[in-house]
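Participant: Let's see this in three dimensions:
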Amino acid sequence: MIERMHLRIMLEIDRQGSLTAAADKLNLTQSALSHTIKKLEAKFALSLWRKEGRQIQLTEAGHYLLREARRLLPQLERIDESLQQYAKGESGNLSIGMECHPCYQWLLTVVHDFLEQFPGVDVDVKQQFQFGGMAALFNHDIDVLVTPDPLLRKGISFVPVFDYEQVLVVGHEHPFYQRQFIEPEDLLDQVLYTYPVDIERLDIYSLFLLPANCRPQKHKTVEATEIMLQLVAAHRGVATLPRWLVDQFAEQLPIKAIALGKAGVYKQIHLGMRTNDDSAFAHALVALAKKKSAVH
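Facilitator: Numbers count the residues shown, from 1 in each chain. Okay, the predicted model is just below:
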């Protein structure tokens, strides 16, 4: 079997021009170097070089092995460097799955800190509509799942990392603008904008409207948060979003957040991981998310 030392010997013989110099470069005795190559030649029943006086002439097989040594050794060195970086937590990949459209805005702040802490790690984010989050986590398609609605499954653990209030968003000329909260019946004659998510997974339905047996007059879906809020500001309808996200956009748009019911509707963003996963990057992301939540 070809070993790295065989390649290094061929390369150093070519560079140094003699067995003695090559052996010195590799910290071997000349007899140890010759013995290593003779075992390889015996295994394949061929010769890699011939001696002509003090000169070494490579055979066709020797020239082939030298070419492969020139090609493979730099690649093996890069692999060594990469593995060392992995061991030190300096290099790698982290794949994050999203089951929450507005959570993406929150995740950006956490990823910013993560990339600063791990400059050699690449981050990939997959959106909810491209895959099933839990299945992707089980199948190792992603390392971390971001969701406000964790599903308890064996082999998966969820950590709450951010508390928020789900609110109604209205424009400044809307009849609800001066109100502190609304009731489910108030939305019976409203156009409601939401993200394109199944109704049973929309908090405004599952936690507010359906328990009161209410539905809005119209329900329209919009994928982009910015467009949704532009529509609300233009008095085309109302929407529901996390209060922290509404507060960000309220600095540029004439919109206001109103509580859903007198007690409000409160949620948490959770990060899910495989319980037997020892990914240092996944654990680091969770730690950064919890730290940022504690600050805010």
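
Participant: hey, where'd the strands end up in the stretch 1-150 of the chain?
Facilitator: Assigned by DSSP state E, counting those that start in this stretch, the stretch 1-150 of the chain shows strands spanning 49-52, 55-58, 92-98, 121-126, 144-147.

Participant: Give me whichever of the ones you listed is most buried.
Facilitator: Ranked by mean neighbour count, the strands of the stretch 1-150 of the chain are led by strand 144-147 with a mean of 25 (mean count of other Cβ atoms under 10 Å). Glycine gets a C-beta too; all of them are placed from N, C-alpha and C.

Participant: packing partners for the next helix or strand after it?
Facilitator: Using DSSP states H and E, the next helix or strand after strand 144-147 towards the C-terminus is strand 156-171. With contacts defined as 3 or more Cβ pairs under 8 Å, 6 or more residues apart in numbering; DSSP states H and E, strand 156-171 has these neighbours: helix 133-138, helix 225-233, strand 238-242, helix 243-249, strand 255-260, strand 265-274, helix 280-295.

Participant: Let's have the ones you listed in TSV, adding mean neighbour count, distance to L187 and mean pLDDT.
Facilitator: Converted to TSV, those look like this (neighbours: other Cβ atoms under 10 Å; distance: least, Cβ to Cβ, whole Å; pLDDT from 0 to 100):
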stretch	mean neighbour count	distance to L187	mean pLDDT
helix 133-138	18	28	85
helix 225-233	19	14	96
strand 238-242	25	7	97
helix 243-249	19	17	93
strand 255-260	21	10	98
strand 265-274	20	13	94
helix 280-295	17	30	84
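
Participant: Let's have these in a markdown table, adding distance to K126.
Facilitator: Below are these laid out as a markdown table (distance: least, Cβ to Cβ, whole Å):
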| stretch | distance to K126 |
| --- | --- |
| helix 133-138 | 7 |
| helix 225-233 | 18 |
| strand 238-242 | 21 |
| helix 243-249 | 21 |
| strand 255-260 | 29 |
| strand 265-274 | 14 |
| helix 280-295 | 15 |
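
Participant: right, and these - which one's nearest L94?
Facilitator: Shortest distance between L94 and the helices and strands packed on strand 156-171, using Cβ to Cβ, is found for helix 280-295: 4.3 Å.

Participant: what distance separates the closest one from the middle of the whole chain?
Facilitator: Relative to the chain's own centre, helix 280-295 is displaced by 14 Å; criterion: Cα atoms, centre = their mean, to the nearest Å.

Participant: got the angle for it vs strand 92-98?
Facilitator: Here the directions of helix 280-295 and strand 92-98 differ by 60 degrees (axes from the mean of the first three to the mean of the last three Cα atoms, to 10 degrees).

Participant: contacts for helix 280-295?
Facilitator: Helix 280-295 is contacted by residues 89, 92-94, 96, 109-110, 113-114, 117-118, 121, 143-144, 159, 161-163, 269, 271, 273 when judged by Cβ atoms under 8 Å, 6 or more residues apart in numbering.

Participant: rerun at 7 Å
Facilitator: With Cβ atoms under 7 Å, 6 or more residues apart in numbering as the test, helix 280-295 has contacts from 89, 92, 94, 109-110, 113-114, 117-118, 121, 143-144, 159, 161-162, 271, 273.

Participant: Then stretch 50-68?
Facilitator: Residues contacting stretch 50-68 (Cβ under 7 Å, 6+ apart): L7, M10, L11, I13, D14, S18, L19, L46, S47, L48, W49.

Participant: The same query, at a cut-off of 6 Å, please.
Facilitator: M10, D14, L46, S47, L48, W49 (Cβ atoms under 6 Å, 6 or more residues apart in numbering).

Participant: For it, the averaged confidence score.
Facilitator: In this model, stretch 50-68 has an average pLDDT of 91.
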